[in-house]
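Asker: Structure for the following, please:
(chains A and B)
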Amino acid sequence: MRTAVRIRGLRYAYPDGTEALRGVDLTVAEGERVGLIGPNGAGKTTLLLHLNGLLRGRGEIEILGIPLRKETLGEVRRRVGLLFQDPDAQLFMPRVFDDVAFGPLNLGLDGEEVRRRVAEALRAVGMEGAADRAPHRLSFGERKRVALATILSMRPEILALDEPTGNLDPRGRREFMDLIRGLGATVIIATHDLELVLELCERAVLMDRGKIIADGPAQEILANPDLMYPHGLEVPPSLRKSQRPL
Amino acid sequence: MADAVPAVGRLRSPLRGIDPRVRIAYAAAFAVFVVLTPVRHPLQFLAHGALVATLYVASGLPASSLLKRLGVASAFVAIVTLSAFLGRRAEGVPFPELALRLWAKPLLAVAGVTALVSGMEGHQLLLGLRGLWVPRAIGDTLLFLLRYAPTLGRRIAALRMGVEARSPGWRGLSGRRRLLSSLGGLVGTAFLRSLDHGEEVYRAMLARGFSGELPRPRIPLKPRDLAFLLAGIALLSINLAFVP
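Answerer: Have a look, this model is predicted:
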């Protein structure tokens, strides 16, 4: 199986001096679904921003065998789709169609192919009737779906999702989870939604203070109170129930 | 930026199916034709009026939206007409002719543009403008304004609620100084947050391959759009050329 993401010794400090990543090593195989968990300020989002080259720290990053450098940025951004936590950051055009077409147009695709990709991406997220609608008229859940469509239209091989279910109501959350499950790509999800990790990811990576604390099967990591509590997390309720003695 | 006519933003009408670029272009052409119509041919004005009425019915807009715009335009035109009449009385230009010259043209143009453009939602209007001759910098700036004005509005409303929830309301804030400092804090915070938000939007754009210029998808006009434009211009030309 090919390696989708390979990170070695990644360090990054924000301009104010805050060290957000302090020597991260991570390898993700193609097709894997990995949950990045950890308390606020653990470095999860910072790590995701590095996958797409939006932040450039010290260390090595390879995406599907391509070393991340200035000259390979375009190629890497085509392969890694980054979903932001706030859909209003992702949807900046006055019409859904133009937002979903933005990525493919930047890839230099012709009009017919762009239209095909927009239709395909909107269909994939169940928003096929929304092409002519204004994003600010959509509900939060619909905006989340359209935001996902904006990256699916670029046909990325790796999806980096930052809090994909944040602020969604239970039904919206469930629908979004089903949507992600149906995508065949490599998926890296940074989230506080531990039930989502349990349900969608076979592997969990626990981060705290810019370092990887634990990396292993999601069930094992999330069920371990000695690992979860010291790092500001809790064992998800579904696992707590199963641990109760009969 | 709100919809051109918020209450009818989603109305269904035959005119709504026409490409916004064509509607805007035809509205501009209509205004030019009306300006070119000589005042000594009142029947031509009537013919233009009939065309506007037809477009208006096809637009599905309520009469109030037209009346409101005509009312606003009339107030401006009335001042111009009156001052022109007072100025030209000595030249012996009869008032009816002067009124037709100064009144009929702008009001007809306003009515035509209203019928063609005001049923569009804000984003359609903007996309139409971007697809035509509006300079890129203006079009792109308007695009961001249109998209983020509601978002910024929501954030300011949330901040305002935050202030009100911890005070007796704006009116209850004792002293001008406290009111000003609360207002200043709110505006400053909204500004800083919008800067942060702008940065995040920019990152999201970069993540999708943005390289400094907003792409404009080339959407070809449909035969129906071209037919509408050509038929409309033909009608205006016939009015000018053949109506006595």
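Asker: Kindly tell me how buried residue A:239 is, as a neighbour count.
Answerer: If you count neighbours by other C-beta atoms under 10 Å in any protein chain shown, residue A:239 ends up with 18. Yep, even glycine has a C-beta here, placed from its N, CA and C like the rest.
Asker: So it sits against residue A:197, correct?
Answerer: No. Contact criterion C-beta atoms under 8 Å: residue A:239 and residue A:197 do not qualify, at 10.9 Å.
Asker: quick one: common contacting residues for those two?
Answerer: Shared contacts of residue A:239 and residue A:197 (C-beta atoms under 8 Å, 6 or more residues apart in numbering or on different chains): residue A:222.
Asker: Helix or strand next in line after the longest helix that chain B contains, which one?
Answerer: In chain B, taking DSSP state H as the definition, the longest helix is helix B:176-207. Next along the chain after helix B:176-207, taking DSSP states H and E as the criterion, comes helix B:223-242.
Asker: per-residue pLDDT, residue 116?
Answerer: Chain wasn't specified; assuming chain A. Residue A:116 carries a pLDDT score of 94 in this model.
Asker: if you could check chain B rather than the one you did, that'd help
Answerer: You'll see residue B:116 listed with a pLDDT of 80.
Asker: which SS class is it?
Answerer: Put simply, residue B:116 is helix when judged by DSSP: H, G, I helix; E, B strand; the rest coil.
Asker: which residues sit in contact with it?
Answerer: Going by C-beta under 8 Å, 6+ apart, the list of residues near residue B:116 reads B:15, B:23-24, B:26-27, B:30, B:55, B:59.
Asker: how about these in TSV, adding distance to residue B:243 and neighbour count?
Answerer: TSV is the format used below for the contacts of residue B:116 (distance: C-beta to C-beta, whole Å; neighbours: other C-beta atoms under 10 Å in any protein chain shown):
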residue	distance to residue B:243	neighbour count
B:15	24	21
B:23	24	27
B:24	26	23
B:26	19	24
B:27	21	21
B:30	15	25
B:55	17	22
B:59	23	26
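Asker: Columns pLDDT and distance to residue B:131 on top of the residues you listed, output as JSON lines?
Answerer: Formatted as JSON lines, the contacts of residue B:116 follow (pLDDT from 0 to 100; distance: C-beta to C-beta, whole Å):
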{"residue": "B:15", "pLDDT": "74", "distance to residue B:131": "18"}
{"residue": "B:23", "pLDDT": "87", "distance to residue B:131": "11"}
{"residue": "B:24", "pLDDT": "87", "distance to residue B:131": "9"}
{"residue": "B:26", "pLDDT": "88", "distance to residue B:131": "14"}
{"residue": "B:27", "pLDDT": "86", "distance to residue B:131": "14"}
{"residue": "B:30", "pLDDT": "86", "distance to residue B:131": "19"}
{"residue": "B:55", "pLDDT": "82", "distance to residue B:131": "21"}
{"residue": "B:59", "pLDDT": "77", "distance to residue B:131": "20"}
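Asker: Residue A:118 is in contact with residue A:102, isn't it?
Answerer: No. Under the criterion of C-beta under 8 Å, residue A:118 makes no contact with residue A:102, lying 9.8 Å away.
Asker: Between these two, which contacts overlap?
Answerer: With C-beta under 8 Å, 6+ apart, residue A:118 and residue A:102 have no common neighbours.
Asker: residues from chain A in reach of chain B?
Answerer: Residues of chain A found near chain B (C-beta under 8 Å from any C-beta of the partner chain) are A:49, A:52, A:54, A:74, A:77-78, A:81-82, A:84, A:86, A:88-95, A:97-98, A:101-103, A:105-107, A:111, A:114, A:134-136, A:150-151, A:154.
Asker: Of these, keep whichever come out buried.
Answerer: Among those, those classed as buried by 16 or more other C-beta atoms under 10 Å in any protein chain shown are A:49, A:52, A:54, A:77-78, A:81-82, A:84, A:86, A:88-95, A:97-98, A:101-103, A:105-107, A:114, A:134-136, A:150-151, A:154.
Asker: Which of the residues of chain A next to chain B fall within strands?
Answerer: Members of the residues of chain A next to chain B lying in strands (criterion: DSSP state E): A:81-82.
Asker: quick one: which of the residues of chain A next to chain B sit in helices?
Answerer: If you go by DSSP H, these have A:49, A:74, A:77-78, A:88-90, A:97-98, A:101-103, A:105-106, A:111, A:114, A:150-151 in helices.
Asker: where do the strands sit along chain A?
Answerer: Counting by DSSP E, the strands of chain A are A:3-13, A:19-29, A:33-37, A:58-63, A:66-67, A:80-83, A:158-162, A:186-190, A:203-208, A:211-217.
Asker: so how far is chain A from residue B:198?
Answerer: Taking C-beta to the nearest C-beta, to the nearest Å as the measure, residue B:198 and chain A are separated by 9 Å.
Asker: go on, residue B:69?
Answerer: As for residue B:69, its distance to chain A is 23 Å (criterion: C-beta to the nearest C-beta).
Asker: What is the least confident helix or strand in chain B?
Answerer: In chain B, the helix or strand scored least confidently by mean pLDDT, DSSP states H and E is helix B:95-99, which has a mean of 67.
Asker: separation between the nearest residue to residue A:72 once chain neighbours are set aside and chain B?
Answerer: Closest residue to residue A:72 apart from its sequence neighbours, by C-beta to C-beta, 6 or more residues apart in numbering or on different chains: residue A:66 at 5.2 Å. From residue A:66 across to chain B, the span is 15 Å (C-beta to the nearest C-beta).
Asker: is it true that residue A:66 touches residue A:73?
Answerer: No. When contacts are counted by C-beta under 8 Å, residue A:66 is not listed as touching residue A:73 (10.1 Å).
Asker: Which one's more surrounded, these two?
Answerer: residue A:73 (17 against 12).
Asker: check contacts around that one.
Answerer: Here residue A:73 is in contact with residue A:53 (C-beta under 8 Å, 6+ apart).
Asker: try residue B:105
Answerer: Residue B:105 is in contact with B:34-35, B:37, B:39, counting by C-beta under 8 Å, 6+ apart.
Asker: Drop the exposed ones from the residues you listed and show what's left.
Answerer: For the contacts of residue B:105, buried by 16+ other C-beta under 10 Å: B:34, B:37.
Asker: wait, which of the contacts of residue B:105 is closest to chain A?
Answerer: Nearest to chain A out of these is residue B:34 (C-beta to the nearest C-beta; 29.8 Å).
Asker: Secondary structure element holding that closest one?
Answerer: For residue B:34, the element it lies in under DSSP H and E is helix B:20-36.
Asker: what does the very next helix or strand once past that helix rub up against?
Answerer: Counting by DSSP H and E, the element after helix B:20-36 in chain order, helix or strand, is helix B:42-59. Applying C-beta under 8 Å, 6+ apart, the external contacts of helix B:42-59 come out as B:13-16, B:30, B:33-34, B:37-38, B:66, B:100, B:104, B:108, B:111-112, B:114-116, B:118-119, B:235-236, B:239-240, B:243-244.
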